[in-house]
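*Asks:* Sequence plus predicted model, see below.
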Amino acid sequence: MIQDRDVLLPKSPSVGGEMGQYGHHRHGLTVLTTAVFAVGEMAGAGVLALPFSMNGTGFIGILINVVCALVSAYTGMLLGKCWLMVMHRFEEHREHSRYPYPTIGQVTFGTPGRLLVSCSINLTLFGVSVVFLLLASENVQSLVSHAGKDFSFCYWLVIVAAALCPIAWLGTPKDFWPIAVAAVVATSIACVIILANIIKDDLDNDVYVFRPNLNFTDFFMAFGTICFAYGGHPAFPTFQADMRNPEKFGRAIFVAYLIVLGMYLPVAIAGYVVYGSNAKSNILNTVSAGPMLYIVQVLITLHLFCGFIIVINPVCQELEELLKIPKEFNVRRVIFRTIMVGVVLFVAESIPQFGPILSLIGGSTTTLLAYILPPLFFLKLCYMEGDWDKVHVPLHVKVACVEIMALGLTAGVASTYSAVKDLADFATTPCYISTGD
């Protein structure tokens with residue numbers, strides 16, 4: 001692994017104001033706050049789906065979770081080094097950039113590279129917003145049904161989308177770190193309570209647990225879910241671009257993945273051991289009802305509401321730039337973002353089950369952005385010729401990058417195929433055809 005000193009940014013007196021070294025912000029994010037942002041972006045939907053995914057992998061899923069977390073952390077660090085090299089070599093990218101990941105694609109492979117990254121990010125974030133809407137609606141429906149009222153899930157999708165719509169009209173917050181902290185705290189507490197609820201169910205119910213045999217489709221569907229759970233790469237360069245010391249980004253990512261793995265793995269293992277094949281795609285629909293479940297549903301739903309706004313905003317902003325919609329609040333923005341929420345709602349009503357969508361995103365665009373493009377861009381930047389010092393890449397790093405890309409491509413294609421096959425074979429009837437539960 002190359003050392004940070006190989007791509008450190010030199011001090012530049014030509015960049016003043018809030019900037020010290022290239023890309024440095026005196027009032028930017030610290031290592032800790034960057035880690036919190038990364039955890040807040042990743043944690044949430046993944047923890048609800050991982051126990052079910054273990055049915056597709058068996059106990060080898062424990063190893064897959066650990067490997068995915070470690071490899072994701074490593075490729076996140078490579079992506080951070082890519083952005084450091086881009087800022088160091090190209091003066092026009094030393095100021096704050098709204099789209100650092102697409103910029104890396106532009107520098108390495110020109111317009112096709114930028115379009116590939118930009119389209120992948122937007123498809124990923126749009127898909128995540130659909131998943132968040134489905135999960136939030138499912139949780140709200142469950143909470144209300146426990147109170148004695150029952151409405152169709154398809155109607156709840158419309159109600160929740162309507163509630164999210166006015167918030168989606170707002171611009172991106174200038175300083176929203178408290179939201180990220182709240183999201184991390186809420187999800188951390190929820191994970192602890194879910195684990196306690198699973199253990200309670202195990203003590204209360206001494207029954208035989210059936211675990212299904214492994215097969216190709218289920219295994220790679222599960223792999224796509226696991227990739228989704230650890231794939232926060234679309235936003236990583238954006239966090240790094242806002243750091244006080246961007247060269248310390250690797251430390252923040254390492255801490256973030258340790259936290260996420262510590263939150264995810266106990267719930268995934270306990271859910272698989274206790275429920276086996278009885279585990280549903282949303283673990284909250286499997287654990288026994290009671291105060292613990294209700295608290296978790298409230299916490300996760302709040303996280304999903306905040307997360308929906310965070311993930312849909314970048315997509316809206318980029319499309320608004322293409323359509324030349326002014327950045328300040330205006331009627332055109334209200335109309336456009338209302339249409340965007342409507343499109344998300346239409347997809348959710350068309351495929352009212354989040355599991356296959358989550359697996360499809362995880363196996364396709366998330367795998368591309370997390371496991372294929374970071375090592376590819378890194379090697380390309382290291383071997384680019386120009387008026388800068390060459391970066392020496394040790395043999396073991398080259399081998400690691402090639403292996404990650406090869407495994408990511410193979411597993412990604414298999415996961416995407418499995419998810420598409422599952423959607424084609426077992427898709428739920430769209431809500432606008434049947435409004436039943």
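*Replies:* Right, received. Where do you want to start?

*Asks:* SS state for Glu247?
*Replies:* helix (DSSP: H, G, I helix; E, B strand; the rest coil).

*Asks:* Need the per-residue pLDDT for it.
*Replies:* At Glu247 the predicted local distance difference test score is 88.

*Asks:* Please report the distance of it from Met85.
*Replies:* Using CB to CB, to the nearest Å, we find Glu247 at a distance of 11 Å from Met85. Where you see a C-beta, it was placed from the backbone N, CA and C, and this is true even at glycine.

*Asks:* likewise Thr124?
*Replies:* As it turns out, when the distance is counted by CB to CB, Thr124 lies 24 Å from Met85.

*Asks:* Looking at Glu247 and Met85, which is more packed in?
*Replies:* The residue with the greater number of neighbours, taking Glu247 and Met85 and applying other CB atoms under 10 Å, is Met85; the counts read 23 against 19.

*Asks:* Please point out which parts of the strand or helix carrying Val181 sit buried.
*Replies:* Following DSSP states H and E, one finds Val181 within helix 177-204. When neighbours are counted by 16 or more other CB atoms under 10 Å, the buried residues of helix 177-204 are found to be 179-180, 182-184, 186-188, 190-191, 193-195, 197-198, 201.

*Asks:* What is that helix packed up against?
*Replies:* Helix 177-204 makes packing contacts with helix 31-42, helix 45-57, helix 249-275, helix 291-322 when contacts are defined by 3 or more CB pairs under 8 Å, 6 or more residues apart in numbering; DSSP states H and E.

*Asks:* cutoff 6 Å now
*Replies:* With contacts taken as 3 or more CB pairs under 6 Å, 6 or more residues apart in numbering; DSSP states H and E, helix 177-204 sits against helix 31-42, helix 249-275, helix 291-322.

*Asks:* JSON lines for those helices, including distance to Ala411 and mean neighbour count?
*Replies:* Converted to JSON lines, the helices and strands packed on helix 177-204 look like this (distance: least, CB to CB, whole Å; neighbours: other CB atoms under 10 Å):
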{"stretch": "helix 31-42", "distance to Ala411": "19", "mean neighbour count": "24"}
{"stretch": "helix 249-275", "distance to Ala411": "18", "mean neighbour count": "21"}
{"stretch": "helix 291-322", "distance to Ala411": "24", "mean neighbour count": "19"}
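
*Asks:* I'd like to know which of those is closest to Thr366.
*Replies:* The closest approach between Thr366 and any of the helices and strands packed on helix 177-204, judged by CB to CB, belongs to helix 31-42 at 10.9 Å.

*Asks:* tell me the mean pLDDT for the closest one?
*Replies:* In this model, helix 31-42 has an average pLDDT of 84.
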